[in-house]
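>>> Curious how this folds, go ahead:
(one chain, ligands or ions: 2)
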Amino acid sequence: MKKVLTIAGSDCSGGAGIQADLKTMMAHGVYGMSVITALTAQNTTGVYGVLDAGGDFVGKQMDCVFTDIFPDSIKIGMVSNSDTIKVIAGKLKEYGGRNIVIDPVMVSTSGCALMSPEAMDALIGILLPMGDVITPNIPEAQKLCGFSIKSRDDMTRAAQVIGSNIAGSVLIKGGHLTETADDLLYTQGEIRWFKGERVATENTHGTGCTLSSAIASNLALGYSLADSVARAKDYITGALRDGMNIGQGNGPLNHGWNR
Ligand SMILES: Nc1ncnc2c1ncn2[C@@H]1O[C@H](COP(=O)(O)OP(=O)(O)O)[C@@H](O)[C@H]1O
Ligand SMILES: Cc1ncc(COP(=O)(O)O)c(N)n1
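Numbering: from 1, shown residues only. Ligands and ions are numbered 1, 2, ... in the order given. Model (predicted):
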């Protein structure tokens, strides 16, 4: 049995964060584990509160996981402050975590800040360089590269700028930009596009969380990064297409019911 760890925030409404990650892992037939960085009070309409677990307690959770059930891959999502970022980076180094997928979560689909502004330097300087692949969406990529992204050419330039600062790969997700939902993978100078079939739906709560967890699950199963991204794209397209229209805002994805 392959083991996958998510380090992320909890979404009590079950569509994003830890809950989306564990559902995705279950659907991939891997054993899912979770280190919770923060509780959020949120639903499909918005985020109404955040309670940080704090760096010390995140570190304790990581000790428990790594000293007992060593993960084959790790997905990192919402980490709201620099103290927790430093603890996570330190523990990953201490234990030699591998196959690290980082989704640099900054703002929710509903437009609420999930990372404090003071955490940006630690995210860029300490955490992102540890990723085998980082998966910013368009607004996050804009923050990381410093210019606005309005076209596929802009996506390519942004990936080159962001990728030149880290050893790992960059997957810029096109969900916020193109008619087609194409994503771009940049690996040490090489560009590869992953074509997406755009699903006409408002129910996109948890797409980024789901994609990064699907990539991590596929890496744990032994697929190459490119194959893991291709398989994750197929998974997210199906989970969007078979959406259930739950809740009054941007609803969650379908991870398996009646599929
Ligand atoms: N309407 C859609 N139809 C098909 N794929 C989508 C759609 N919206 C987003 N995606 C895909 O979902 C994944 C998450 O992308 P995105 O929504 O950009 O990230 P985030 O959830 O972090 O904002 C990407 O692979 C993107 O191409
Ligand atoms: C705890 C938590 N983590 C991440 C997201 C981002 O969700 P999305 O995948 O829709 O960008 C969220 N809304 N809540």
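
>>> And the strands in the chain, which stretches?
3-11, 31-43, 46-52, 73-76, 100-102, 133-134, 169-172, 183-187, 190-194 (DSSP state E).

>>> show me the contacts for whichever residue of the stretch 151-259 of the chain sits closest to ligand 2.
Of all residues in the stretch 151-259 of the chain, G208 sits closest to ligand 2, at 3.4 Å by CB to the nearest ligand atom. The way it works is simple: take the backbone N, C-alpha and C, and place the C-beta from them, glycine included. For G208, the contacting residues are A16, D103, V105, T135, N137, K173, G175, by CB atoms under 8 Å, 6 or more residues apart in numbering.

>>> who wins for neighbours among the residues you listed?
Of all the contacts of G208, the highest neighbour tally under other CB atoms under 10 Å goes to A16, namely 33 neighbours.

>>> From what I see, that residue and S110 are in contact.
No - using CB atoms under 8 Å, A16 is not in contact with S110, being 9.8 Å away.

>>> hey, what's in contact with both of those two?
Joint contacts of A16 and S110 (CB under 8 Å, 6+ apart) are Q42, H205.

>>> Check whether G131 really touches I102, as I assumed.
Yes - counting by CB under 8 Å, G131 does reach I102; the two are 3.9 Å apart.

>>> between these two, who's got more neighbours?
I102 (27 against 22).

>>> Can you tell me which of the contacts of G208 is nearest ligand 2?
Ligand 2 has its nearest neighbour among the contacts of G208 in A16, at 3.6 Å by CB to the nearest ligand atom.

>>> Generate TSV for the strands of the chain, with mean pLDDT and distance to ligand 1 as supplementary columns.
What follows is the strands of the chain, written out as TSV (pLDDT from 0 to 100; distance: least, CB to the nearest ligand atom, whole Å):
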stretch	mean pLDDT	distance to ligand 1
strand 3-11	98	12
strand 31-43	97	14
strand 46-52	95	14
strand 73-76	98	13
strand 100-102	98	12
strand 133-134	98	12
strand 169-172	98	8
strand 183-187	98	5
strand 190-194	97	7
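
>>> Go through these and name the closest to ligand 2.
Across those, closest to ligand 2 is strand 3-11 (CB to the nearest ligand atom), at 3.1 Å.

>>> so how many other residues sit close to E94?
Neighbour tally, E94, other CB under 10 Å: 12.

>>> how about the residues of this protein near ligand 2?
If contact is defined as CB under 6 Å from any ligand atom, the residues of the chain in contact with ligand 2 are 8-9, 11, 16-17, 40, 77-78, 105, 108-109, 114, 205-209.

>>> The same query, at a cut-off of 5 Å, please.
G9, D11, A16, G17, T40, M78, V105, S108, T109, G206, G208, C209 (CB under 5 Å from any ligand atom).

>>> right, and the pair among those residues with maximum separation?
T40 and G208 (14.6 Å; CB to CB).

>>> the helices in the stretch 151-259 of the chain, which residues?
Ranges of helices within the stretch 151-259 of the chain are 152-163, 207-220, 225-241, based on DSSP state H, counting those that start in this stretch.

>>> The longest one packs against which elements?
For helix 225-241, the contact count by 3 or more CB pairs under 8 Å, 6 or more residues apart in numbering; DSSP states H and E identifies strand 183-187, strand 190-194, helix 207-220 as packing neighbours.
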